[in-house]
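**Q** Need a 3D model of the following:
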Amino acid sequence: MHNIRLIPLGARPRDVSFDQLCRDIEMIIPVRITQQDLPSDIDFALDASRKQYHSTELLARLLMTNPEGVHKIVGITPYDLFVPVLTFVFGQAQLNNRAAVFSTFRLHNEFYGLPHSSEQLDSRCLKEALHEIGHTYGLRHCIERPCVMNSSTYVEDIDLKPADFCLTCRAHIQSLF
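**A** Residues are numbered from 1 along each chain as shown. Have a look, this model is predicted:
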């Protein structure tokens, strides 16, 4: 069974149930998720002019951690992420490689002036985690709307897609285990 390590980056995101997130991922992908709190100063990735963290630099740092027996590493942060060509990203992963990262910053209803919803936050975190993990297993963005691998430009896109893979993407994932 593949092992995936979930690591908070910079700070542990508030209002996120890590235990529930791990259980939910394990119900959808045949992997074992473990958590590890590492002391992680991520200021090296901060672009002070944007007040955001460069996700590619965070991925590079995650790759430097090489836990024994771990196939994939997923970083989760409460801070806003970007890549230079985009205003922001919900997450980023290395295609067919070991590392992924996603942010809860824009997944909170409060960011959009809406009332807090733990259920909505949990759902969005699960979908983002699955999406980025899918990339590490070689999946690209899927054109099927009912697929977690469908691209998300807006938080509404995340809300509209299921927390599961379409048949084609699921077949690819299952072929790897």
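**Q** buried ones in the longest helix belonging to the chain?
**A** Scanning the chain for the helix with the most residues, using DSSP state H, yields helix 118-136. Neighbour counts using 16 or more other C-beta atoms under 10 Å place 120-136 of helix 118-136 among the buried residues. (C-beta placed from N, C-alpha, C; glycine too.)
**Q** Also stretch 9-27?
**A** Buried-residue list, stretch 9-27, by 16+ other C-beta under 10 Å: 9-10, 13, 16, 18, 21-22, 24-25.
**Q** Could you do stretch 67-87 as well?
**A** Those would be 70-82, for stretch 67-87 by 16+ other C-beta under 10 Å.
**Q** Also stretch 168-175?
**A** 169-170, 172-173.
**Q** Distance from it to the middle of the chain?
**A** 19 Å (C-alpha atoms, centre = their mean, to the nearest Å).
**Q** residue contacts, the residue of the chain positioned farthest from its centre?
**A** Taking C-alpha atoms, centre = their mean, the residue of the chain most remote from its mean C-alpha position is residue 49, at 24.4 Å. By C-beta atoms under 8 Å, 6 or more residues apart in numbering, no residues touch residue 49.
**Q** Check the secondary structure at it for me.
**A** coil (DSSP: H, G, I helix; E, B strand; the rest coil).
**Q** now the helices for the chain?
**A** 18-28, 55-64, 118-136, 155-160, 167-175.
**Q** Remind me what the second one packs against, helices and strands.
**A** Under the contact criterion of 3 or more C-beta pairs under 8 Å, 6 or more residues apart in numbering; DSSP states H and E, the helices and strands touching helix 55-64 comprise strand 72-77, strand 81-82, strand 91-93, strand 99-103.
**Q** Farthest-apart pair in the buried residues of stretch 9-27, please.
**A** Distance extremes for the buried residues of stretch 9-27: the farthest pair is 10 and 24 at 22.9 Å, using C-beta to C-beta.
**Q** just to revisit the earlier point, identify, from the buried residues of stretch 9-27, the entry nearest to residue 86.
**A** residue 9 (18.9 Å).
**Q** okay, that closest one: pLDDT?
**A** Here the pLDDT value assigned to residue 9 is 93.
**Q** what's the answer for residue 66, then?
**A** pLDDT for residue 66: 69.
**Q** chain center to the longest helix of the chain: distance?
**A** Distance, centroid of helix 118-136 to centroid of chain: 6 Å (C-alpha atoms, centre = their mean).
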